[in-house]
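Visitor: Dropping a prediction and its sequence here:
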Amino acid sequence: MEDIKIEGTPKTPSVDFKAVDGTLEIKGRSIPENSIEFYKPLMDWIEHYAKTPQDKSTVNIQLEYFNTSSSKCILDLFKKLEAINNEIVINWYYEEDDEDMLEAGEDYDAIINIPFKMIEVEEI
């Protein structure tokens, strides 16, 4: 299975999904012109990965900002991950003093049946 590696831009996050060790990372800003179009290959990758996942998957989300349409796509990603029958941990990184990003992580945690680990960092 091919990995996905996408370089970040001022409007889109960097993405690094590795099937070999079950590590999925999304970092940066997510304000693409078309969120559905941007996140579609990631959704497809997760569907494919779900067929033969690693025993443990780690998801690292380190976003400094995301818009409403990205928020829905991220939720859809989490729902696809939720369907995978293995151990998954979501590490939700947020900058100290960024209450909105912490709250967003807590909101996802309340909706999704995957353990979230809130990790405060100095800077994203």
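Guide: Received the coordinates, thanks.

Visitor: Output the contacting helices and strands for the top strand by length along the chain.
Guide: If you go by DSSP state E, the chain has its longest strand at strand 56-66. Identification of packing neighbours for strand 56-66 by 3 or more C-beta pairs under 8 Å, 6 or more residues apart in numbering; DSSP states H and E yields strand 23-30, helix 68-82, strand 87-95, helix 99-111. Where C-beta positions appear, they are placed from N, C-alpha and C, glycine not excepted.

Visitor: Work out the sheet partners of it and label each with its direction, please.
Guide: strand 23-30 (parallel), strand 87-95 (parallel) (DSSP bridges).

Visitor: Let me know which of these is tucked in deepest.
Guide: strand 23-30 (a mean of 20; mean count of other C-beta atoms under 10 Å).

Visitor: how near is the residue of the chain most remote from its centre to residue 61?
Guide: Here the chain reaches farthest from its C-alpha mean at residue 97, the gap being 21.1 Å by C-alpha atoms, centre = their mean. Residue 97 sits 18 Å away from residue 61, taking C-beta to C-beta, to the nearest Å as the criterion.

Visitor: and what of residue 49?
Guide: For residue 49, the distance to residue 61 - C-beta to C-beta - is 16 Å.

Visitor: The two: which has the busier surroundings?
Guide: residue 61 (25 against 21; other C-beta atoms under 10 Å).

Visitor: Please give me every residue in contact with the closest residue to residue 48 other than its chain neighbours.
Guide: Distances taken as C-beta to C-beta, 6 or more residues apart in numbering place residue 1 nearest to residue 48, at 6.2 Å, with adjacent residues excluded. By C-beta atoms under 8 Å, 6 or more residues apart in numbering, the contact set of residue 1 is 19, 48, 49, 52.
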